[in-house]
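Trainee: Return a 3D structure for these sequence lines:
(2 chains)
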Amino acid sequence: MQSAAATAPQRTARRGWRRRARHAGRPAAVLLAVVAALVLGGGGAAWAWWTVGSTLPTVAAAAAAVPPPTGTFGCTPRSNGGGLLAYNSSLDLTWGAATTTPTRYLVHVVGSDGTVLDVDAGTALTLNLVNTDLDPSATTTYTVTVVAQKAYTSVTWSSTALTQTVKATRKTFIIFPYYEMSCA
Amino acid sequence: MRRLWIALATAVVLTLAGGTAAFAAWSRTASTAATSLTAGDISLSATWATAPTLTALTPGATRQGVAKLTHSGNGRWQYQLPSSTGASTMSGLTVAYTTATGTATSSCTTTAVAADAWSATQANGSTVYVCVTVSLSTTAPSTVQSTPASIAIVVQARNQPTN
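Mentor: Okay, here's the model as predicted:
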């Protein structure tokens, strides 16, 4: 018959038994919680998703391109028809039509004297440079490009360009200056 | 007196032991017929019923094709179409999906099919038609000219339970 007050070894033994019991119950509690989670999860973990993939045959895509003016520039100095004072005061540039009719041909001129000129040539295939208000004050070299442009609903696409260099050479007849156009 | 206690203890032990021995555990075994288990499977066939023509695209151009998706295997299924198709290599090029009722582009509807989302559950072994629309933006810049792209659409399918 034990005394009402347990001995020190007895108290130690009881505490140790309680501790062991708590530790033994912990894994069981964890297992129970896992099972409950699986059940409450609607059994989703119990359904395996099989996924497969299949690729449609690849389709190549390419954007269109605006056809450029064809061939090379024709460059023809034009005489002013002034007899002894005749000189090539203007110059015709010609180019070939793009394979599909563009909205317009756009001519861009940049001169060594700083001249910048843009001309909407429409669908014309010839351009007389002097008639486009070139006004050289000295011998000047000009770089001329022409592109075909196609206008769409919201944007305009430009083709690659044809390029030609022309020169206006300053000359003097007695005291009167004049310029001769030539294809450089 | 001692003999009496011994006799009494012996009787108790015999009674308890006899009671245990008097209980017989009855058991019986029975066997079912042998049954084999086979895992199910799922496969998907993705082909063009009508392939789109995507050459010479100009700003604002729209081209269509019809994809045919056919399931085979067990159970019901769902499909998923991707948002990533390779169209992004051409500025302004987009791909969109709508339902289709047949193999021709004339069967394309206006009912959108969301990309990167699982479809409704389809019947086992069924075929689904999807309209694929490829568009070049109306504001696509001139630098896009002659730019190539490869449209590759990887369709995903997954199984669904039979009930």
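
Trainee: Show me the shaky parts of chain A.
Mentor: Applying pLDDT under 70 to chain A flags the ranges A:1-48, A:80-87, A:89, A:129-136.

Trainee: Which residues of it lie near chain B?
Mentor: Counting by C-beta under 8 Å from any C-beta of the partner chain, the positions of chain A adjacent to chain B are A:47, A:49-66, A:152-158. From N, CA and C alone the C-beta is placed, and that goes for glycine too.

Trainee: same thing but 10 Å
Mentor: Residues of chain A lying near chain B by C-beta under 10 Å from any C-beta of the partner chain: A:47-66, A:149-160.

Trainee: In PyMOL, how would I select just the buried ones from the residues you listed?
Mentor: Restricted to buried positions by 16 or more other C-beta atoms under 10 Å in any protein chain shown, the PyMOL selection for these reads:
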select buried, chain A and resi 50+52+54+56+59+61+62+63+64+65+66+149+150+152+155+157+158+159
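
Trainee: quick one: secondary structure of B:S31?
Mentor: Secondary structure for B:S31, judged by DSSP: H, G, I helix; E, B strand; the rest coil, is coil.

Trainee: Count residues in the vicinity of it, would you?
Mentor: As a burial measure, B:S31 scores 5 neighbours (other C-beta atoms under 10 Å in any protein chain shown).

Trainee: if I look at the closest residue to A:V59 other than its chain neighbours, how far off is B:A123?
Mentor: In space, and not counting its chain neighbours, A:V59 is closest to B:I151: 4.5 Å by C-beta to C-beta, 6 or more residues apart in numbering or on different chains. Remark: distance between B:I151 and B:A123 (C-beta to C-beta, to the nearest Å) = 29 Å.

Trainee: how near is B:Q156 to B:T110?
Mentor: B:Q156 is 24 Å from B:T110, by C-beta to C-beta.

Trainee: Looking at those two, which one has more neighbours?
Mentor: Neighbour count, other C-beta under 10 Å: between B:Q156 and B:T110, B:Q156 has more, with 17 against 7.

Trainee: quick one: contacts for that one?
Mentor: Applying C-beta atoms under 10 Å, 6 or more residues apart in numbering or on different chains, we find B:Q156 in contact with A:51-54, B:44, B:46, B:78-82, B:116, B:118.

Trainee: So A:V109 sits against A:A121, correct?
Mentor: No - the pair A:V109 / A:A121 is not scored as a contact, 11.5 Å apart, by C-beta atoms under 10 Å.

Trainee: neighbour-wise, which of those two wins?
Mentor: Applying other C-beta under 10 Å to A:V109 and A:A121 shows that A:V109 carries more neighbours, namely 21 against 17.

Trainee: Now B:T85: closest residue in space, sequence neighbours ignored.
Mentor: In space, B:T85 is closest to B:V95, 4.7 Å off (C-beta to C-beta, 6+ apart).
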